[in-house]
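Asks: Here is my input; please provide its structure:
(2 chains)
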Amino acid sequence: MSQKLLPNPDKTLDLRGEVCPYTFIRSKLALEGMAIGEVLKSIVDFEPSTRNIPRSMEGEGQEVLAVEEVTPHVWEIYVRKREE
Amino acid sequence: MSGRSTSESEKSERRGFSILLTASPYTSQDAVTVLQLAQAALRQGHPVRLFLMDDGVYLAAKRLGKVQGTDLRSQLEAVLKAGGEVAICDHNAMERGLYPEALVEGVIPGSQYDHAQSVAKSARVLSFTGGSI
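Replies: Take a look at the predicted model:
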């Protein structure tokens, strides 16, 4: 998936410096305050979060649009809210 | 996190065991107890969900050796083969040099989300933390 094809995020969370489970918890809390269809971008620098945030979000019924390493050891995770 | 309370119907849907292991294998009886308990429960048809964190993650290491005839790796594989779910704290595993490729096949490199889901789905929760008897 190319970042150029991704929608502009409605909200961006900079979670650099945070580790699990806070990366997921803060992403989930942010999503709770958003409307169905909106897109959250979480920026992380903790590699396990690139596996755990997407898997947990899918477990919650949300749509993971992309996980992209934008610079070495920094990733952007795009999630579209599908469930309340 | 939504603050939603658990309904009676959700409680009645809970089945099996959620087992937390934080103790390192071979330093206490806990890992052996957990694996034997898990296998016994699975034989009786009860779902089993293991979550390994802290030094408990070493139990999922592909290169875990045998000690005095006890082969915990084979027992863990038997749990997986019997349908048990095994997830570990990926954070704790990486702290200890255990990357996903170093894990026994079938083990999920997970997070506290997996632990929470395990507890939410299970009728009973057991915790083994390596404390002295």
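Asks: From here on, just use CA atoms for contacts and neighbour counts.
Replies: Noted.
Asks: How many residues are close by residue 46?
Replies: Going with chain A. 19 (other CA atoms under 10 Å in any protein chain shown).
Asks: The chain in question should be chain B.
Replies: Using other CA under 10 Å: residue B:46 sits among 18 other residues.
Asks: mind checking pLDDT for it?
Replies: Residue-level confidence at residue B:46 comes out at 97, pLDDT.
Asks: Roughly how far does the residue nearest to it when sequence neighbours are not counted sit from residue B:108?
Replies: Nearest in space to residue B:46, with sequence neighbours left out and distances taken as CA to CA, 6 or more residues apart in numbering or on different chains, is residue B:16 at 4.8 Å. As judged by CA to CA, to the nearest Å, residue B:16 and residue B:108 stand 19 Å apart.
Asks: What of residue B:96?
Replies: 16 Å.
Asks: Which of the two has more residues huddled nearby?
Replies: Neighbour count, other CA under 10 Å: between residue B:96 and residue B:108, residue B:108 has more, with 18 against 13.
Asks: Let me see the ranges of the strands in chain A.
Replies: A:11-14, A:39-44, A:63-71, A:74-80 (DSSP state E).
Asks: meant to ask about chain B
Replies: Under DSSP E, chain B gives strands at B:17-21, B:48-52, B:85-89, B:108-110, B:124-128.
Asks: Would you mind finding the most buried of those strands?
Replies: The highest mean neighbour count among those, using mean count of other CA atoms under 10 Å in any protein chain shown, belongs to strand B:48-52: a mean of 27.
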